[in-house]
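Chemist: what would the 3D arrangement of this be:
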Amino acid sequence: MNRLELRELERTRRRALWTLASLPPGDPMASDALAILDDLDDQERNATPPTEKTLELIEVRDSVPVERHHSGIDIVLELNIPEPWGERFFQASVGSTRLPEGPYARDWKKFLSEWMNEMAHLEKHRAAHDKRG
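Modeler: The predicted structure is shown next:
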């Protein structure tokens, strides 16, 4: 998957996740967002060669170092964030304040925490949707 395709995929994922965030699990209005997310998951699986594995959340968290900027603010360097996580973070952080050298580490940590919450909420939606059949 090239950079433009990844950007569009993650932009679409972000919009669908934001839609689900405003709906309780089991809400029939979640069906379209769930279908979009299922399709994106399939696209991502099919685009990833079997020899490559997307890092799991904990692996990503543990692999991205936090650096102290000379201003005294902790940052992360975007080049240290593996894809697709870098693009996911970028899409979730559009409009956030950052330093030219990199985003604030607190924003990176918040993103990881929120991603975990979003995935738990998504699983509740999927379970409720499966029950409705």
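
Chemist: how near is residue 62 to residue 112?
Modeler: Remark: distance between residue 62 and residue 112 (Cβ to Cβ, to the nearest Å) = 10 Å. In short, each C-beta sits where N, CA and C put it, glycine included.

Chemist: so if I had to pick from these two, which one is more boxed in?
Modeler: Shown here are residue 62 and residue 112; by other Cβ atoms under 10 Å, residue 112 has more neighbours (17 against 10).

Chemist: so that one touches residue 58, yeah?
Modeler: No - Residue 112 is not in contact with residue 58 according to Cβ atoms under 8 Å; the separation is 9.1 Å.

Chemist: in stretch 36-43, what's buried?
Modeler: Judged by neighbour count using 16 or more other Cβ atoms under 10 Å, the buried positions of stretch 36-43 are 36, 37, 40.

Chemist: ok, these vs residue 117, which is closest?
Modeler: Nearest to residue 117 out of these is residue 37 (Cβ to Cβ; 15.3 Å).

Chemist: the helices in this structure, which residues?
Modeler: Listed in chain order, the helices of the chain (DSSP state H) span residues 3-21, 31-47, 57-63, 85-92, 105-132.

Chemist: most tightly packed of those?
Modeler: Among the helices of the chain, ranked by average contacts under mean count of other Cβ atoms under 10 Å, first place goes to helix 85-92 (a mean of 20).

Chemist: ok, back up a step: out of the helices of the chain, nearest to residue 72?
Modeler: The nearest among the helices of the chain, by Cβ to Cβ, is helix 105-132 at 12.0 Å.
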